[in-house]
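Colleague: Take this sequence and fold it.
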Amino acid sequence: MTQTREFHVAVRGLVATEADLQYSDFVSGKLGPHVDVTPIVPQFTGIATPFSSLLEMIAPTQDGTHVIFHASDEFQATIPLHELNDALLLFQLDDQPLKKGFPVRLIVPNGSSECLNVKAVVKIEVVRHAQPAQHATFGFKNLVPPTEL
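Modeller: Take a look at the predicted model:
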């Protein structure tokens with residue numbers, strides 16, 4: 001019996017329209033055109049949708065300065081909105097959902113950070129930082145409660 005994983009990406013924060021994205025939203029083109037990532041970022045293969053298309057759909061508010069990409073393994077990257085113009089959301093390889101990086105992988109080909117991709121993105125959150133010019137940051141969240149230290 002084959003076990004299927006639930007494909008779900010939540011979009012929250014300082015946006016006009018929050019979203020709960022499914023695999024079908026990506027495949028149908030609802031989020032924008034499909035892009036072959038290999039000519040853009042040769043170390044990756046597969047099909048992506050431009051992050052700019054998602055931004056058009058969710059309409060970040062004027063207060064939004066950064067986007068936090070939360071991964072299923074507690075990794076997160078905080079990237080200034082202006083650095084995401086060329087970003088892609090990789091969602092498919094060989095006409096199937098991703099095996100590595102499921103459900104989606106963020107690829108930022110022209111970002112300021114050494115972390116130019118985030119695998120296993122499950123939540124995308126538009127936020128306001130007090131220092132709008134701040135560069136991208138990344139790392140693992142520490143979710144260990146003080147009582148377990």
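Colleague: which stretches of this structure form helices?
Modeller: Counting by DSSP state H, the chain has helices at residues 23-27, 51-58.
Colleague: Nearest to residue 35, out of those helices?
Modeller: Using C-beta to C-beta as the measure, helix 51-58 is the one of these that comes nearest residue 35, at 9.7 Å. C-beta: built from backbone N, CA, C; applies to glycine.
Colleague: Can you list the buried residues in that closest one?
Modeller: Within helix 51-58, the residues scored as buried using 16 or more other C-beta atoms under 10 Å are 51, 53, 54, 55, 57, 58.
Colleague: just those residues now: which is nearest residue 44?
Modeller: Closest approach between those and residue 44, by C-beta to C-beta: residue 51, at 14.5 Å.
Colleague: What number of residues are in the vicinity of the nearest residue to that closest one once chain neighbours are set aside?
Modeller: Nearest residue to residue 51 in three dimensions, chain neighbours excluded: residue 87, at 3.8 Å (C-beta to C-beta, 6 or more residues apart in numbering). Neighbour count of residue 87, defined by other C-beta atoms under 10 Å: 23.
Colleague: still on that earlier bit, nearest to residue 21 among the buried residues of helix 51-58?
Modeller: When these are ranked by distance to residue 21 (C-beta to C-beta), residue 54 comes first, at 8.2 Å.
Colleague: Once you drop chain neighbours, what's closest to that closest one?
Modeller: Nearest to residue 54 is residue 31, by C-beta to C-beta, 6+ apart, at 5.5 Å.
Colleague: how close does that neighbour get to residue 65?
Modeller: According to C-beta to C-beta, to the nearest Å, residue 31 and residue 65 sit 22 Å apart.
Colleague: just for the protein, where's the confidence low?
Modeller: Scanning the chain for pLDDT under 70 picks out the ranges 1-5, 111-115, 132-134, 138, 141-149.
Colleague: beta partners of the spatially most central residue of the chain?
Modeller: The residue lying closest to the centre of the chain (C-alpha atoms, centre = their mean) is residue 106, at 4.4 Å. Beta bridges link residue 106 to residue 89, residue 118 when assigned by DSSP bridges.
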